[in-house]
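Asks: Quick check, what structure comes out for this input:
(one chain, ligands or ions: 2)
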Amino acid sequence: MKKALLTGITGQDGAYLTELLLSKGYEVHGIKRRSSLFNTDRIDHLYQDPHEPHPSLVLHYGDLSDSTNLIRIIQQVQPDEIYNLGAMSHVKVSFDTPEYTANADGIGTLRLLEAIRILGLEKKTRIYQASTSELYGLVQAVPQSETTPFYPRSPYAVAKMYAYWITVNYREAYGMFACNGILFNHESPLRGETFVTRKITRATAKIAMGLQDKLYLGNLDAQRDWGHAKDYVEAMYLILQQDTPEDFVIATGVTTRVREFVRMAFAEVGITIEFKGEGVEEKGYVVSCSHSDYQLEAGTEVVAVDPKYFRPTEVELLIGDPTKSKTKLGWTPKHDLASLVKDMMTSDVELFRKERLLRESGYQIKNQFE
Ligand code: NDP
Ligand code: GDR
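Replies: Numbering: from 1, shown residues only. Ligands and ions are numbered 1, 2, ... in the order given. Below you'll find the model as predicted:
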C-alpha cells in the first residue's frame, strides 16, 4: 500500500485529492493546523476512527513554519509521495501578511525538501509542489505555457516563485523526484468563500432567495482560466506517476471575465443582469427575473463595485496552454465552465435553502466577515 502525505489537507484541493488517493488504495496522512474552531469540515465525510487498527486516513498536527514538526512527521510516515498543498493562498490577503506568506508558501516548501534530504529519503519520496498561474502575473505572452517567463505581481506570487525554483533546484542538485504543477484557477463547491467564484455563487443564491441585497466586487474585467478542482487533483496525482520528474501547466485553455462569471451564476437562478456604468461606479441591474424564489423587480441593483477589493497590483489575464499535460500525462478536464458554475450554484442554492428554513423558523443566522 502506497503512503501519501498531504500538507493543506483541510483545504479545497486537499479534500478532493484525499478522496482520490483513498479511492486508489493509498494510506493518506494529512497535516492540519491547530485552530480554535474545528477546521476539518471539507474532509469530515472521510473520517476514520483512529482507534481502529490501520486507519487509511490519519491526521497529524503541524505547520509549514515548523521544521521540527515536518521532519518528525515525515520520519514517522515515510511517505512515498508528498503533496505540498498547504499555503496562505489568498492573493489579496498576501498584501496584508507578506512576511507570513513568504514563510509558509516559500520557505515552507524548502523545509519539506530539506526534511526529505535530512532523512535520506531522496530516492524514496516523490514531492509535488502546488505552483500557480499567478507566477505569470504581468502578461508576457499568451497562452501561458511551461516556457513562458514569470513576472509575479503579489507577495503570494513572489513566495510561490521561490517555492517553484527551489523545487527545480532540489530536483537538479539532488536527483529528487520533485515536480511543479503550475495550476490555473480551479474552483468547486468546496472553494473558500472569499475567492471570487464562490463569493459570487454564494451571493447569487442568497440574493435569489431574499437573504442578501447586493454583491460587492472588485475588478470585474480580470480574466481567468477557470477549471474544476476535481479534474485538477487528478493531474497532481498523474504528475507524480511519471517516469521522470517534470513541471506541467494544468489549465483549460479558455479564459473568461469575472463579469461573465457573474452573469452565468445569476442565469442559473433565472436572473438576467446587465452591467451599467464604468469602473468604481459600475452597477449590475436586474433586467429580467423569471425563476427566482424571491421576485426581484427589473432595475434592482444587485451588483456593485467596491474599490476595497482592488489589488495594489493586479493580474489581468490568465489563459493556460495545457498541451504538454494533454500529451504527456493524458490529462483532459471533464468539466467546462458552464458545468462548474452549475455545480457551484446547485450546492450554494441548497446551502441557503437550509439557511432560509432556519431563519423562517426563528433562528438567528450569523453574519460573515470577508
Ligand atoms: P485553500 O486555501 O483551500 O487551502 C490551503 C490549505 O493550506 C488549508 O488546508 C490551510 O489550512 C493550509 N495552510 C495554510 N497555511 C498553512 C501553514 N502555515 N502550514 C500548514 N498548512 C497551512 O487552497 P486550495 O486548496 O485552493 O489550494 C491548494 C494549493 O494550491 C495552495 O498551495 C494554493 O496556493 C495552490 N494553488 C491553488 C489554486 C486554486 O485555484 N485553487 C491554483 C494554483 C495553486 P486551514 O484549513 O487551517 O486554513
Ligand atoms: P486569484 O483568485 O487571485 O486568481 O487567486 P480570486 O478568486 O481571489 O480572484 C480572481 C480575480 O477576481 C478579481 N475579483 C475579486 N477577487 C476576490 N477574491 N474578491 C472580489 O470581490 C473580487 N472582485 C474581483 C480579482 O481581482 C482577481 O483578478 C487564486 C488563488 O486560489 C491562488 O491561491 C491561486 O494561486 C490562483 O487562483 C491561481
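
Asks: I figured residue 226 was touching residue 337, is that so?
Replies: Yes. Between residue 226 and residue 337 there is a contact at 5.8 Å, judged by C-beta atoms under 8 Å. For glycine as for every other residue, the C-beta is placed from the backbone atoms N, C-alpha and C.

Asks: now the helices for this structure?
Replies: Per DSSP state H, the chain carries helices over the ranges 12-23, 67-77, 91-96, 98-101, 108-118, 155-174, 196-208, 229-239, 258-268, 323-324, 337-360.

Asks: Tell me which of residue 226 and residue 337 has more neighbours.
Replies: residue 226 (24 against 21; other C-beta atoms under 10 Å).

Asks: check contacts around the residue nearest to the more buried one when sequence neighbours are not counted.
Replies: Excluding its sequence neighbours, the residue lying closest to residue 226 (C-beta to C-beta, 6 or more residues apart in numbering) is residue 185, at 5.1 Å. Taking C-beta atoms under 8 Å, 6 or more residues apart in numbering as the criterion, residue 185 is in contact with 133, 197, 224-227, 318.

Asks: Okay, residue 185 and residue 91: tell me how far apart.
Replies: 10 Å (C-beta to C-beta, to the nearest Å).

Asks: returning to what we had before: mutual contacts of residue 226 and residue 337, please.
Replies: In contact with both residue 226 and residue 337: 252, 256, 261, using C-beta under 8 Å, 6+ apart.

Asks: who are the neighbours in contact with the last one?
Replies: To tie it back to what came earlier, the one meant is residue 261. Applying C-beta under 8 Å, 6+ apart, the residues near residue 261 are 196-197, 200, 226, 337, 341.

Asks: Around ligand 2, pick out the residues from the stretch 201-350 of the chain.
Replies: When proximity is defined as C-beta under 6 Å from any ligand atom, the stretch 201-350 of the chain approaches ligand 2 at 217-219, 222, 224, 258, 309, 311, 314-315.

Asks: From those, list the buried ones, please.
Replies: Neighbour-count burial (16 or more other C-beta atoms under 10 Å) is assigned, among those, to 217-219, 222, 224, 258, 314-315.

Asks: related to what we said a few turns ago, ok, so of the residues of the stretch 201-350 of the chain next to ligand 2, who is nearest residue 85?
Replies: residue 224 (19.6 Å; C-beta to C-beta).

Asks: And the nearest residue to that closest one once chain neighbours are set aside, how close does it get to residue 256?
Replies: Nearest residue to residue 224, sequence neighbours excluded (C-beta to C-beta, 6+ apart): residue 185, at 4.8 Å. Relative to residue 256, residue 185 is positioned 10 Å away (C-beta to C-beta).

Asks: hey, what's in contact with both of the two?
Replies: By the contact definition C-beta under 8 Å, 6+ apart, residue 185 and residue 256 are jointly contacted by 224-226.

Asks: Please name the residues that touch residue 112.
Replies: When contacts are counted by C-beta under 8 Å, 6+ apart, residue 112 touches 7, 64, 70, 74, 82, 84, 127.

Asks: With distance to ligand 2, neighbour count and pLDDT added, can I get those in a markdown table?
Replies: Shown next, in a markdown table, are the contacts of residue 112 (distance: C-beta to the nearest ligand atom, whole Å; neighbours: other C-beta atoms under 10 Å; pLDDT from 0 to 100):
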| residue | distance to ligand 2 | neighbour count | pLDDT |
| --- | --- | --- | --- |
| 7 | 14 | 27 | 98 |
| 64 | 14 | 25 | 98 |
| 70 | 21 | 25 | 98 |
| 74 | 24 | 21 | 98 |
| 82 | 19 | 28 | 99 |
| 84 | 13 | 25 | 99 |
| 127 | 18 | 27 | 99 |
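
Asks: closest to residue 360 among those residues?
Replies: Within the contacts of residue 112, proximity to residue 360 (C-beta to C-beta) peaks at residue 7, which comes in at 41.5 Å.

Asks: ok so, going back, any chance of CSV for the contacts of residue 261, columns distance to residue 176 and pLDDT?
Replies: Putting those into CSV (distance: C-beta to C-beta, whole Å; pLDDT from 0 to 100) gives the following:
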residue, distance to residue 176, pLDDT
196, 35, 98
197, 34, 99
200, 40, 98
226, 32, 98
337, 36, 98
341, 39, 99
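
Asks: tell me the two of the residues you listed that are most distant?
Replies: Greatest spatial distance in those: 196 and 337, 13.5 Å, computed using C-beta to C-beta.

Asks: how far away is the residue of the chain found nearest ligand 1 from residue 247?
Replies: Distances between the chain and ligand 1 by C-beta to the nearest ligand atom are smallest at residue 11, namely 2.0 Å. Between residue 11 and residue 247 the distance is 21 Å, computed by C-beta to C-beta.

Asks: Please say which of these two ends up with more neighbours.
Replies: residue 11 (23 against 18).

Asks: Now for residue 87: which residues touch it?
Replies: Residue 87 neighbours (C-beta under 8 Å, 6+ apart): 8, 64, 104-105, 108, 130, 160.

Asks: So which of those sit within strands?
Replies: Secondary structure defined by DSSP state E assigns residue 130 of the contacts of residue 87 to strands.

Asks: from the contacts of residue 87, which single one is nearest ligand 2?
Replies: Distances from ligand 2 to the contacts of residue 87, taken by C-beta to the nearest ligand atom, are shortest for residue 160, at 6.9 Å.
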